[in-house]
Structures are given as structure tokens and as C-alpha cells.
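Asks: here is my input, please return the structure:
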Amino acid sequence: MNLKELKQHFIATLSSIYPAEEIESFYFLLLAAILNLKRIDVALNPQKEIVKDDLQKLNISLEKLQQEIPIQYIIGSTEFFGLPFKVDKNVLIPRPETEELVDWIISTTLNTPTNNQQPTTINILDIGTGSGSIAISLAKNLSDSKVFALDISEKALTIAKENSELNKVSIEFIQQDILTLEDNVFASVTKQSAFNYEVTSSQTPRNNEVKLDIIVSNPPYVRELEKEEINNNVLEYEPHLALFVDDQNPLLFYNAIADFAKTNLKPNGQLFFEINQYLGKETVDLLKQKGFKNIELRKDIFGNDRMIRARV
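Replies: Here you go, the predicted structure:
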């Protein structure tokens with residue numbers, strides 16, 4: 001079978017499941033992953049024959065696509081904010097909306113004036129890091145940052161560590177549950193990592209406590225009642241632990257993270273959230289009740305309420 005015939009085979013096999021443009025994307029992604037071919041290579045040599053071993057790998061991938069396994073899990077990688085990331089069934093596949101959140105944090109940080117003549121370290125904590133996409137993208141683009149990433153899942157942290165090595169950034173990973181995390185536990189971990197905290201006359205830390213400039217989180221926020229809106233490939237294959245919350249307490253993680261932020265952010269420190277598009281007002285109200293200020297709600301590229309920034 002040659003490349004042209006393979007593409008026809010892909011279309012015939014998958015057209016009842018996926019739109020044409022998605023099938024074409026799968027085709028080129030798999031050729032790149034398995035045959036190391038670029039689009040231009042295929043265009044210049046459509047009659048190129050595929051060797052038996054590679055054809056077998058492509059057919060196995062095709063069968064997985066028929067089962068609606070996400071292409072990112074099939075090839076074991078994806079791209080986020082222009083960077084490569086390994087992914088598997090233990091981590092969510094990063095979304096374009098989250099890239100917008102990362103971009104907001106970076107632009108806000110770079111455009112924030114400082115009173116200090118000397119460069120200062122920006123202390124950042126990513127809660128619920130998963131693949132590490134947010135933490136690693138921030139570390140890569142904010143050279144003066146010290147980034148910590150927390151997750152409950154040991155398997156997710158293994159992937160995140162591999163991604164930090166892949167992208168050549170230093171991240172301090174912490175395995176903890178934010179719902180039960182005690183401040184002294186976090187402090188003891190970060191102190192061992194030479195966590196930076198500059199003291200001024202107006203902010204004297206108690207017992208050498210650590211403080212953060214930025215906390216960011218994209219926690220589980222999809223309610224059970226919203227499952228019918230979720231694509232089958234997400235429902236069947238992406239980790240539910242990172243996706244869903246109880247209908248009766250959908251802001252469970254936002255409440256816990258906001259409390260943690262009140263204690264652990266520096267004065268005027270920033271909290272960034274990705275949120276459930278249907279709970280923008282409720283999330284804003286929660287932060288107001290906890291005394292946050294300068295709360296800003298933003299929409300994503302699709303026009304949905306998706307991101308919040310607030311200061312302590």
C-alpha cells in the first residue's frame with residue numbers, strides 16, 4: 001500500500017465517525033509519528049510504498065481511532081503553547097482554552113512594573129498540574145520564575161516530570177491533595193527547595209513562612225449533569241478524576257484553592273482559574289465572599305466564560 005492508497009483507506013474507514021478535516025489531520029499526525037514524514041514529503045511522493053512493519057503500526061492506530069481513542073493518546077504526545085508534551089490516559093489532553101489562560105498569566109506578569117532594581121524571582125504554584133502543561137509553559141516563558149506543580153496523582157506527576165525534562169525546565173513537583181493539604185506541609189516541602197520570599201517592612205512572614213506571587217489552577221469543574229455535552233472520546237478515555245465534580249458541590253476545588261491562596265499568596269498576589277463556563281458568576285461571588293479584590297472574568301475564544309483573575 002502506498003501513501004495515497006492509505007489516505008483513501010483512512011477516509012473509507014473513518015468517515016462515518018469523524019469529519020473529513022479531522023481524518024486528514026489524523027492521517028498526517030500518524031505519518032509524522034510512525035514514518036517521520038512531513039506533509040511536504042507526502043505531497044511530493046504520494047506513491048511511496050509503506051513497508052510492512054509500518055503499515056501494521058498504522059492499521060493498529062486506525063483501529064484505535066475507530067474506537068474513538070484520542071489521537072494524542074495513540075501517538076503519545078501533543079502540543080501546547082508551542083511546546084511538545086507527552087500524554088497518556090493518566091492525564092488530560094491540554095485544551096486551547098487553557099493556552100489562553102497561560103497567555104494571560106504571562107502577559108500580565110511581563111507587563112507588571114516592579115519597584116525593585118534587581119531581578120526578583122516570581123514564585124508560582126500550579127495546582128492540579130496533570131501533564132504539567134501550565135507549569136512548564138510558564139517556566140519556559142517566565143525566565144525569572146520559580147515554579148511548583150502539585151497533583152494528587154503519582155502517575156500524572158510521572159508524566160509531568162518527563163515533560164519538564166523534555167522541555168528543559170526546572171519544576172518542583174509535589175504530590176498532595178489540595179482538599180486536605182495543610183499549610184505547614186506545603187511550607188516544609190517548599191522550604192527544602194529554597195523557595196524565594198523577599199521580606200519588606202510591610203510583609204514580615206511568620207515563622208519563615210513561604211509566599212507565592214501567583215497561584216494558578218485548572219481544577220475538575222465539569223458537573224455530572226453536563227456529561228451529555230462531553231464528547232464520547234473524552235468520557236471514555238480521559239481521567240474522570242481530573243474532569244468531574246459532584247453536582248451538589250461544583251465549586252469544591254475553587255473553595256479549597258481560594259482558602260489556600262488567601263494564606264499563601266503575597267500581598268497583592270494573583271490567583272488565576274480556568275472555570276466552568278456555566279458557573280462564572282458563582283465563582284466570582286465565591287471569591288468576593290472570601291475577600292479577593294480586582295476580580296476579572298474573561299471569555300475564551302468561543303465566547304464562553306472561562307478564566308478568572310483575582311488578587312488578595
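Asks: tell me where the protein has helices.
Replies: According to DSSP state H, the chain carries its helices in the segments 3-14, 20-30, 39-44, 52-66, 71-75, 96-110, 133-141, 154-166, 183-192, 232-237, 252-264, 280-289.
Asks: CA-only coordinates of the fourth one, as PDB, when you get a sec.
Replies: The reference is to helix 52-66. Output in PDB follows, covering the C-alpha atoms of helix 52-66 (Å, rounded to 0.1, in the frame of the first residue of the first chain):
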ATOM      1  CA  LYS A  52       5.000  -4.000   6.200                       C
ATOM      2  CA  ASP A  53       6.000  -3.100   9.800                       C
ATOM      3  CA  ASP A  54       5.000   0.500   9.500                       C
ATOM      4  CA  LEU A  55       1.700  -0.500   7.800                       C
ATOM      5  CA  GLN A  56       0.900  -2.800  10.700                       C
ATOM      6  CA  LYS A  57       1.500   0.100  13.100                       C
ATOM      7  CA  LEU A  58      -0.700   2.400  11.100                       C
ATOM      8  CA  ASN A  59      -3.500  -0.200  10.900                       C
ATOM      9  CA  ILE A  60      -3.300  -0.700  14.700                       C
ATOM     10  CA  SER A  61      -3.700   3.100  15.100                       C
ATOM     11  CA  LEU A  62      -6.600   3.100  12.700                       C
ATOM     12  CA  GLU A  63      -8.300   0.500  14.800                       C
ATOM     13  CA  LYS A  64      -7.800   2.700  17.900                       C
ATOM     14  CA  LEU A  65      -9.300   5.700  16.000                       C
ATOM     15  CA  GLN A  66     -12.400   3.500  15.200                       C
END
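Asks: elements contacting it?
Replies: Secondary structure elements in contact with helix 52-66, counted by 3 or more C-beta pairs under 8 Å, 6 or more residues apart in numbering; DSSP states H and E, are helix 3-14, helix 20-30, helix 71-75. Any C-beta I mention is one placed from the backbone N, CA and C, and that applies to glycine too.
Asks: thinking again about what came up before, same list (the helices of the chain) but as TSV, adding mean neighbour count.
Replies: As requested, the helices of the chain are arranged in TSV below (neighbours: other C-beta atoms under 10 Å):
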stretch	mean neighbour count
helix 3-14	16
helix 20-30	15
helix 39-44	12
helix 52-66	15
helix 71-75	19
helix 96-110	17
helix 133-141	25
helix 154-166	18
helix 183-192	15
helix 232-237	14
helix 252-264	19
helix 280-289	16
